[in-house]
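Got a sequence here, can you build the structure:
(one chain, ligands or ions: 1)
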Amino acid sequence: MFIIGLAVGSFLNVVIYRIDDLKSIVNTRSHCRHCKKNIPWYDLVPVLSFVLLRGRCRSCKKTISWQYPLVELSTAIIFALLAWYFGQYWLVGLYALIFSILVVVFVYDIKTQYVLDVFSWSLVILSLVTGLIFFRYHPIDVLWGVIAGGAVLGLLVAISKEKWMGLGDVFIGASLGAILGGQKALLMIFLSFIIGSVYGLFLMLLKRTSIKQSLPFTPFIIISSLISLLAGDYILSWYLGYIYMY
Ligand SMILES: [Zn+2]
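The predicted structure follows:
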C-alpha cells in the first residue's frame, strides 16, 4: 500500500497542477514546468528521482517544487496507515480513494485558498454512499455525523459571511462526519480548531502573519479527520475515562 500510495501521490501531483485544465491530465506527457522538455520515465520515480536529481530538472537545472516528493510521501504514508489500521482490502481501497481526494483538496487549498466544487461534491456523494451502503450505518447516525462535522463550521461561515471560512470547508467537514460518525466527527472539529490555533499562534510568533489574516482551514480538518479515524477510539476512551474518574 505504501508503494501504491507513492504512485497514486505522483498522479495526484499531476491532478493538482492541471486541475484547471482537466483534459490535459490524460493527454499530456509529464514535462518540466520551466523548459517544457518531456521527462523520461527514469526521472519519474516517486520521491527517489527527486532525491537523485537533488530537486533539479535534468536538462535545465531549475528547481523542482517540494510539493512533488511531499505529496507522494504523504499519500504513501496515509495509504500504509489505512492498510495497517483496517486490514480489509475493500475498506482500505474506499478510504484510500477518499483520502486521495483530500490530499488534492489539502494542497489546492494551501496554494489557492479555494476548495473546488467538483471535490466537495464528490466527497459528499462518496461519503454518503460509503456510510449508508458500505458501512450500513443507520441513516440517523449518518445524519448525526453530518451535523457534527458541518454545523459549527456552517455557523462560522454564516456569522462571518464566508470571511473566516468558506462553504467548501463546511462540505468537507460534513462529508467526513458522515463516515466518521457523530462522536469522531465532533473530535475531528475539536482537533481541527486546536491544530489550527496552534499553527496560527506559531505563525504569529514568527511574525509571518497577523491575526486578521485568514488561513486555509481544510488542511486542519483533513489532518484531524485522519487522527480521528485512526486514533479516535483511543482518544475518546481516554478522554471519557478521564471524565468518569472525577
Ligand atoms: Zn527543465
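
after the lowest-mean-pLDDT helix or strand in the chain, next one along is what?
When each helix and strand of the chain is scored by mean pLDDT, DSSP states H and E, helix 23-27 comes last, with a mean of 70. Next in sequence after helix 23-27, counting helices and strands by DSSP states H and E, comes helix 48-52.

Run through who's touching that next one.
Contacts with helix 48-52, where a contact means Cβ atoms under 8 Å, 6 or more residues apart in numbering, come from Tyr42, Asp43, Ile64, Tyr68, Pro69. All C-beta atoms are positioned from the backbone trio N, CA, C, and that covers glycine.

Pass me the low-pLDDT residue ranges in the chain, would you?
Counting by pLDDT under 70, the ranges of the chain that qualify are 22-23, 26, 208-214, 243-246.

tell me the SS of the residue positioned nearest the centre of it?
The residue lying closest to the centre of the chain (Cα atoms, centre = their mean) is Leu102, at 3.2 Å. State at Leu102, reduced to three classes by DSSP: H, G, I helix; E, B strand; the rest coil: helix.

Okay, the closest residue to it other than its chain neighbours and Trp238: tell me how far apart.
Closest residue to Leu102 apart from its sequence neighbours, by Cβ to Cβ, 6 or more residues apart in numbering: Ile222 at 4.8 Å. Going from Ile222 to Trp238 by Cβ to Cβ, to the nearest Å gives 23 Å.

The two: which has the busier surroundings?
A count of neighbours by other Cβ atoms under 10 Å puts Ile222 above the other of Ile222 and Trp238, at 23 against 10.

What strand or helix carries the more buried one?
helix 218-245.

What residues of that helix count as buried?
218-230, 232, 235 (16 or more other Cβ atoms under 10 Å).

again, but for stretch 45-59
Going by 16+ other Cβ under 10 Å, stretch 45-59 has these buried residues: Pro46, Val47, Ser49, Phe50, Cys57, Arg58.

among those, which are in reach of the ion?
Residues of the buried residues of stretch 45-59 in contact with the ion (Cβ under 5 Å from the ion): Cys57.

Export the buried residues of stretch 45-59 as TSV, with columns for distance to Ile125.
Shown next, in TSV, are these (distance: Cβ to Cβ, whole Å):
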residue	distance to Ile125
Pro46	29
Val47	32
Ser49	35
Phe50	34
Cys57	39
Arg58	41
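
Which one of the buried residues of stretch 45-59 is nearest to the ion?
Cys57 (3.1 Å; Cβ to the ion).

which residues does the closest one contact?
Applying Cβ under 8 Å, 6+ apart, the residues contacting Cys57 are Cys32, His34, Cys35, Lys37, Thr63, Ile64.
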